[in-house]
Structures are given as structure tokens and as C-alpha cells.
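# task: produce atomic coordinates for the following.
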Amino acid sequence: MIMESYHFLLLFAGAEGILERVPPSRPAPMWDQPLLKPYFDNSTKDRIVGAVGRSAFLHCRVKHLGDRAVTWIRKKDVHVLTVGLFTYTKDARFTALHSESSDDWTLRIDSAQISDSGTYECQVSTEPKISRAFRLQVVESEAHIAGPRELHMVSGSNINLTCSVTGSPEPPQYIYWYQGTKLINYSSRGGISVVTDKHSRTSKLVVTRATTADSGNYTCAPANAEPASISVYIINGEYPEAMQGGESTSVHCQSFASLLLLGYTVLRLPVLIER
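As a prediction, this is how the structure comes out:
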């Protein structure tokens, strides 16, 4: 049995009251109610800095969306990238992210390139449409190791390397050091110290009492930047006059010249001249 409810309206005509049955009124659609119209929560950043080769995220937060759709548009060519969770571009690097019961509609750009820099618009299909602009800047993030690209050092001295990260939109979660392909941050060798300061985006590697086994290619590899490498050569001998940074010994050109002169003086190799 279907029960249908009615409102009753008491009308007065002269001195007598008339009871009239009135059908119930229907509620206005959610988006037509003033307090429930979609609007942007501007607590998310509208200026985003991303790193080349990394994923960039543009967070658009819409309150009271209802059954409306969120569209992401690239402004420089007015290209529709996504509508809801559907992608409308052949470039598979662009996707929309959204989880149920969340107000966030995020545009994700994988393997971001400098050419992806520009303005993106988050648009809601109200009438009239409402939109919010986001500015993305993609930068080249690199690691740098202070000093020359090659170090020639004497066994028993300390290897002291400092790596800094530039162009990174945020501090790296970690900075790893490698000797060749071997991770040495947690090496069991002993005498190895790694001190990383995320705030200043620097990492210092110290290898004490280096031996010829410590020779090789040293790489500083941050989580969010291109790595940097340096070649270290450890030579047996004692040349205390040649120092790296006042603490660790390195062999300068003078030392090599002295070795060559010593070899010539001691050996006095004959010189053959053909006529």
C-alpha cells in the first residue's frame, strides 16, 4: 500500500474556515540551494614547482560538487586533459586522481618536462562555470660535488666530499652515496661517515684512512635530482705537502713532477738517437 502525504492549508473565507488539501512541494536540487553550491577550497597551493623527470601534482579541492564534473584544462593550447576520471589526451603522462568521499581532484603529470610549465585550469561544470588557475613551473634539479672532477690522494689520508642539491622544489627525502655501484651510506667497512642536512640540501661523505681499495667513482644520488660523480685515485706513498681542504692529502702536479725527476735521476735511462 502506497501512502501519500499531503499538507493541509487552512484558508479563511469570511467567518468560516475552509480546509484545503495541498500536494507536497519538492526540494530544490542540491546545487540550486545557496549554501550547497560548489565552490573551491583555496587552501591548496596554486603555484607548484616540479622537478624534471619527476611526477608533478596539482591539487584542486571542490566543496559540494554534487553530480557536477571537474575538468582539467591546459591553458596554453586550451586542451582538455581530463573530465572526472576520464583522460582526453593521447599523452598518457596526464591522469586525474580522486578517491571516494574526498573533495580533491588532482591532476598528475608523470615524467614532468620543462615544456609542461604553464597555467592549468580546474573547472567545475556549474552554470555559469567556475574555475581556478594553477601555475606549474618545472625546473632542472641537479646534484653537485664540490671540487674538481678527479682527486688524486695518498693512502692513509681522508676522502672528504660535499654534495649539494640545486633546483629542487623540495628537500630530498634521502641522499645516497655510491662507490661504483656499491651503496656506502651503511657500509660495514668502518671509518665512513655520511652527514645529510635536508634543510640545506647538502650531504658530506668522509672516508677515513683511505687505501687503494677506496679508489673509484663516487656518486652522490639524491632522491629528487640528477646524480653527480667524481673519480678518486688513492696512491701509495707519503706527500704531506699536498692537502685536500687542509685535512685530506691529495697529489698535486708538483708531486708527479717530482716523481718523474726522481725516476730520471736514479735510472738515467739512455737515449738512443738513430741517424
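
# please make it C-alpha for all contacts and neighbour counts, starting now.
Fine.

# so where do the helices sit in the chain?
Assigned by DSSP state H, the chain shows helices spanning 253-267.

# in it, which strand is the longest?
Selection of the longest strand in the chain by residue count, based on DSSP state E, yields strand 130-139.

# quick one: that one to chain centroid distance?
Chain-centre distance of strand 130-139: 16 Å, with Cα atoms, centre = their mean, to the nearest Å.

# buried stuff in that strand?
Within strand 130-139, the residues that count as buried by 16 or more other Cα atoms under 10 Å are 131, 132, 133, 134, 136, 137, 138, 139.

# same check on stretch 184-192?
For stretch 184-192, the buried set under the neighbour-count rule, 16+ other Cα under 10 Å, comprises 184, 185, 192.

# and stretch 227-240, by the same measure?
Of the residues in stretch 227-240, those with enough neighbours to count as buried (16+ other Cα under 10 Å) are 227, 228, 229, 230, 231, 232, 233, 234, 235.

# and what of stretch 105-120?
105, 106, 107, 108, 109, 110, 112, 113, 116, 117, 119, 120.

# over to stretch 41-49?
Of the residues in stretch 41-49, those buried under the neighbour-count criterion (16+ other Cα under 10 Å) are 46, 48, 49.

# shouldn't the last one be in contact with residue 137?
Put plainly, it is residue 49. Yes - the pair residue 49 and residue 137 passes the contact test of Cα atoms under 8 Å, sitting 4.8 Å apart.

# number of residues surrounding residue 74?
Look at residue 74: counted by other Cα atoms under 10 Å, it has 18 neighbours.

# contacts only, for it.
For residue 74, the set of contacting residues under the criterion of Cα atoms under 8 Å, 6 or more residues apart in numbering consists of 80, 81, 118, 119, 120, 121.

# how does the chain divide into domains?
38-139, 142-266 (automatic domain parsing).

# quickly, which of those bottoms out on average pLDDT?
When those are compared on average pLDDT, domain 142-266 comes out lowest at a mean of 82.

# and that one, how far out from the chain's middle?
The mean C-alpha position of domain 142-266 is separated from the chain mean by 26 Å, Cα atoms, centre = their mean.

# pick the one among the buried residues of stretch 184-192 closest to residue 157.
Of all these, residue 157 sits closest to residue 192, with 12.7 Å by Cα to Cα.

# that closest one is in contact with residue 204, isn't it?
No - because the distance of 10.5 Å does not satisfy Cα under 8 Å, residue 192 is recorded as not touching residue 204.

# and residue 228, how far is that from residue 170?
Between residue 228 and residue 170 the distance is 18 Å, computed by Cα to Cα, to the nearest Å.

# now residue 187
As judged by Cα to Cα, residue 187 and residue 170 stand 27 Å apart.

# also residue 55?
From residue 55 to residue 170 the distance is 13 Å (Cα to Cα).

# quick check: bridge partners of residue 95?
With DSSP bridges as the criterion, the beta-bridge partners of residue 95 are residue 108.

# likewise for residue 163?
Per DSSP bridges, the residues bridged to residue 163 are residue 145, residue 203.

# who's in contact with it?
Neighbours of residue 163 in contact, by Cα under 8 Å, 6+ apart: 143, 144, 145, 146, 202, 203, 204, 220.
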